[in-house]
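Asks: sequence first, then the predicted structure, then my questions.
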Amino acid sequence: MAKLVIVESPTKARTIRNYLPGDYRVEASMGHVRDLPASAEEVPANFKEKPWANLGVDVEHDFEPLYVIPKNKKKIVKELQTALKQADEVILATDEDREGESISWHLLQLLNPQVPIKRMVFHEITQEAIQAALANCRDIDENLVHAQETRRILDRLVGYTLSPLLWKKIAWGLSAGRVQSVAVRLLVQRERERRAFKTAAYWDLKALLAHLEASFEAKLVALGEQKIAIGADFDPQTGQLLPNRSVLVLDRGAAAALKARLTGKPWQVTHTEEKPATRRPYPPFTTSTLQQEANRKLGLSARDAMRTAQKLYEEGFITYMRTDSVHLSEQAITAARQCIQQMYGAEYLSPKPKQYTTKSKGAQEAHEAIRPAGTEFRVPNRTGLTGQELALYDLIWKRTVACQMADAQVTQLAVLLQVEDAEFRAAGKRIDFPGFFRAYVEGSDDPEASLENQEVILPPLVVGDRPQCQELTEVGHETQPPARYTEASLVKTLEREGVGRPSTYASIIGTIMDRGYAQMRSKALVPTFTAFAVVSLLEAHFPDLVDTGFTSRMEQSLDEIAAGQTAWLPYLQTFFLGEAGLERQVKTRESEIDPSAAKAIELENLNARVKIGKFGPYIEIPQGEEVLTASIPADLTPADLSPEQVEILLKQKTEGPQALGVHPESGETIYLLIGSYGPYVQLGEATEENKKPKRASLPKGTKPEDLTLDKAIGLLALPRLLGTHPETEAPVKASLGRFGPYVVHDQSKDLKDYRSLKAGDDVLTITLERALELLAEPKRGRGSKTPLKELGAHPADQEPVNIYQGPYGVYVKHGKVNAGLPEGETPETFTLEKALAVLATKSGAKKKRASTGAKTAKTPRKKTAAKKASSTGKGSAAKT
């Protein structure tokens, strides 16, 4: 008989198998094997008539959850049950956080083993860690299970109670969430601040000076006895000058006059100062800080960062990636210090080992920071990793090593110079000892290059020196509205406010994007009109549910439940069924909410009203006795809707499309229109005979008001034939597509080689020579032709079967058939035989009606008092 070890994923199973004795069998549960019903279809027939059936939680009987086995997990459960029959012991080795504890508890309830059961936990998958965990198994932590289940029930109650209300009052398909809605509100609040912001202008002077053949810059800081206004003198929320600021605000004319007055006048150094400063290393990564830095440095979304980190953990490269702790074990500190000694020298070691203190609200989860696994840290370029995995491991390695390095020593330099009654200041910085900068500079990919960028060297200057002014320039500035949230800054804010758990941020941001509450633009999260409508309704009628303080207190309560300090059932009863509980609030306020008002959005500095309609947002503006309406293009957000944009949309509605001129060849009028997906040009009018006239979208960045007749003619002429390829004699063309302008080497219907145009290239003017340069470059990104792995030839036609990295993950391709890799498979484990089976299924697949019903289990819970604390010191009401 074997000992059965159950983990979450095949990758983790393969790695852990290497460190267990031969009589241990490791199987994967593929995550949760049970959950609340995802849809009405999954609710079993005998519960469908229950008033709480849509929730999947029996709120009438102690919030009993209705657990079902999803259809895609039935086969896995059967396999686990079969494996259990051949086992004389079960070891539950899921992750050590609340989610992992919950998976183990569900496995225990579902499989109901009649053999000894152990719970094994570890935060890294190495020989030493697995052996230590095996020798120190424990029972399932009921408090962690309660906390996770309470969180899951809370999320279900909020989502499934508020979402239907949004469907009725605003639009079908919207969703609300306990943490999601708070995050969306943060985006909307920031956009409101940006719309209310009033830009202010201010000017100063910049001088280029020379001394002892070295040049340096200085900025105007005072005129007479009065300081010159700088950015810090303006309110960051309004953009206007802060009250009680005794500063001089120069306009362009005053700056130009001052420049003229100072030109040719002598300069003199009046004061110099050198101030030593110490920069200390950053703590090792937590889940939140890893997501932030991966976004800043590597451009990874929170979702991609966590997916990659999960794989690194399961393959034994890093410690557990869901953690709030910045603590490092003694073996980790020793390993980091060994790396420093070997790679940088003893002088770069901190005098004594450094430990860091966790500062985030309610820090919990795993007990150590994210770091390279093992007692010796593998150097990144010797791991065999590639792509995103190598980049993220390298980031984690550098941050961990740097946290045990010596402080950086710098000297801040300041020089004041006088010319007439104007005072200028030159600032510099000298790195005296780089310390941890040698390994890690936050926000920089190349620490060595960053060292050079950080230094600002000034020539040796003393009081009385008279440098020569080579150039004097007036410089204009404008106050900038508060920056929109990026994924990194949103994660940072959520963590600072104690909203949600860092381990959930990736999925929350993904949901916000997937549900259409925000668009991603140059890394910034821009809220949509739908987001404004939903947030306005929730603020007006359910303010607590979008309040960061209230949500943070909920997280604290869940932490207290996890620690056994708060009872889970009274908490749920108060939240949902209490006097001011959610159920009563929704019933009371549903009749008070006017759908027409809920669909309306009031925006700062806009004389039109925006409404959410059945087919999307539209503007509404009274004109005499009429009310004019016009649809808002899908890619237009509140950030883009200005009075000028409203005028364009209404003008098109009242006067028809703008005529740009007549096409020189066809004699037809070319029109400029704005549709659901943005502005486009059209050749002629749509008629019964010509229902689909030629159309072309405007390239990204081209404003409708800047469009000329010649450019419109060029767009309508796309695709352009540039010439023939010298190697194949096949045509090379330029055109516009869904993802922007491109060139294509068009050899046949099934053989086309595409390249996106780069910055500086124009689809209307690009030459054959430039197109051939682009086509000669290796293809990257979406639809890449460079495979991650070549599996071999397909036996049917000898065409290649390859694995590629696509925008939505890794997939296998044969001819025109693409198929995602099955869950748990990686390019390394995927073989030609497996690929042929997946491709055959994909190519022959037909839509089938989903079979109804799902295996269910309504889990009974003993209504007993809490048990006495066990020998492990953890006690709570038992679940059976």
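Replies: Yep, it's here.
Asks: buried stuff in the helix or strand encompassing residue 839?
Replies: Using DSSP states H and E, residue 839 maps to helix 832-843. For helix 832-843, burial by neighbour count (16 or more other C-beta atoms under 10 Å) applies to 835-836, 838-839. For the C-beta atoms, the positions are set from N, CA and C on the backbone; glycine is no exception.
Asks: same check, this time on stretch 622-630
Replies: For stretch 622-630, a neighbour-count test (16+ other C-beta under 10 Å) marks 629-630 as buried.
Asks: for stretch 50-68, same thing?
Replies: Under the neighbour-count criterion of 16+ other C-beta under 10 Å, stretch 50-68 has 52-53, 55-59, 63-68 buried.
Asks: then that stretch to PDB, C-alphas only?
Replies: The C-alpha trace of stretch 50-68 is given here as PDB (Å, rounded to 0.1, in the frame of the first residue of the first chain):
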ATOM      1  CA  LYS A  50     -35.400  27.300  -1.900                       C
ATOM      2  CA  PRO A  51     -35.500  31.100  -1.600                       C
ATOM      3  CA  TRP A  52     -31.700  31.100  -1.100                       C
ATOM      4  CA  ALA A  53     -30.900  28.800  -4.000                       C
ATOM      5  CA  ASN A  54     -29.600  31.600  -6.200                       C
ATOM      6  CA  LEU A  55     -27.000  32.500  -3.400                       C
ATOM      7  CA  GLY A  56     -25.800  28.900  -2.900                       C
ATOM      8  CA  VAL A  57     -25.900  29.700   0.800                       C
ATOM      9  CA  ASP A  58     -28.700  28.700   3.200                       C
ATOM     10  CA  VAL A  59     -29.000  32.000   5.000                       C
ATOM     11  CA  GLU A  60     -32.000  30.600   6.900                       C
ATOM     12  CA  HIS A  61     -30.000  27.900   8.600                       C
ATOM     13  CA  ASP A  62     -26.600  29.200   9.900                       C
ATOM     14  CA  PHE A  63     -25.400  30.200   6.400                       C
ATOM     15  CA  GLU A  64     -24.900  26.600   5.400                       C
ATOM     16  CA  PRO A  65     -23.000  26.600   2.100                       C
ATOM     17  CA  LEU A  66     -24.200  24.400  -0.700                       C
ATOM     18  CA  TYR A  67     -21.100  22.800  -2.200                       C
ATOM     19  CA  VAL A  68     -21.100  21.200  -5.600                       C
END
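Asks: pLDDT value on residue 361, please?
Replies: Note for residue 361: predicted pLDDT of 51.
Asks: helices of the stretch 451-600 of the chain, start to end?
Replies: Here the stretch 451-600 of the chain has its helices, by DSSP state H, counting those that start in this stretch, at 487-497, 502-514, 529-541, 548-562, 568-572, 582-590, 595-598.
Asks: just the CA coordinates of the fourth one, formatted as CSV?
Replies: What it means is helix 548-562. Only the C-alpha atoms of helix 548-562 are listed here, as CSV (Å, rounded to 0.1, in the frame of the first residue of the first chain):
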residue,chain,number,x,y,z
THR,A,548,-12.1,51.7,2.1
GLY,A,549,-12.3,52.0,5.9
PHE,A,550,-15.4,49.7,6.2
THR,A,551,-13.8,47.1,3.8
SER,A,552,-10.6,47.3,5.8
ARG,A,553,-12.5,46.6,9.0
MET,A,554,-14.1,43.6,7.3
GLU,A,555,-10.6,42.2,6.5
GLN,A,556,-9.6,42.7,10.2
SER,A,557,-12.6,40.7,11.3
LEU,A,558,-11.7,37.9,8.9
ASP,A,559,-8.1,37.9,10.3
GLU,A,560,-9.6,37.7,13.8
ILE,A,561,-11.7,34.7,12.7
ALA,A,562,-8.5,33.1,11.3
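Asks: tell me which strands and helices that helix is in contact with?
Replies: helix 142-169, helix 180-196, helix 487-497, helix 568-572 (3 or more C-beta pairs under 8 Å, 6 or more residues apart in numbering; DSSP states H and E).
Asks: which residues touch residue 802?
Replies: Residue 802 makes contacts with 787-791, 812-813, as judged by C-beta atoms under 8 Å, 6 or more residues apart in numbering.
Asks: which of those residues tops the neighbour count?
Replies: Comparing the contacts of residue 802 by number of neighbours (other C-beta atoms under 10 Å), residue 812 comes first, having 28 neighbours.
Asks: secondary structure class for it?
Replies: Under DSSP: H, G, I helix; E, B strand; the rest coil, residue 812 falls in the strand class.
Asks: mind checking how far the closest residue to it other than its chain neighbours is from residue 796?
Replies: Nearest residue to residue 812 in three dimensions, chain neighbours excluded: residue 835, at 4.7 Å (C-beta to C-beta, 6 or more residues apart in numbering). Noted for residue 835: a distance of 13 Å to residue 796, by C-beta to C-beta, to the nearest Å.
Asks: repeat for residue 119
Replies: Distance from residue 119 to residue 796, by C-beta to C-beta: 49 Å.
Asks: one step back: ok, the residue nearest to residue 812 touching residue 790?
Replies: No - look at residue 835 against residue 790 with C-beta atoms under 8 Å: they stay out of range, at 10.9 Å.
Asks: okay, and the common contacts of these two?
Replies: Shared contacts of residue 835 and residue 790, counting by C-beta under 8 Å, 6+ apart, come down to residue 803.
Asks: tell me the one of the contacts of residue 802 nearest residue 245?
Replies: Of all the contacts of residue 802, residue 788 has the smallest distance to residue 245: 57.7 Å, by C-beta to C-beta.
Asks: show the contacting residues for that closest one.
Replies: Taking C-beta under 8 Å, 6+ apart as the criterion, residue 788 is in contact with 802-805, 810, 827.
Asks: go on, residue 368?
Replies: By C-beta under 8 Å, 6+ apart, the residues touching residue 368 are 123, 319-320, 323, 325, 327-329, 332.
Asks: again, only this time at 10 Å
Replies: By C-beta atoms under 10 Å, 6 or more residues apart in numbering, residue 368 lies in contact with 123-124, 284, 319-320, 323, 325-329, 332.
Asks: cool, residue 271 as well?
Replies: Residue 271 is in contact with 414-418, 423, 425, 463, counting by C-beta under 10 Å, 6+ apart.
Asks: since that was my last question, I'll sign off now.
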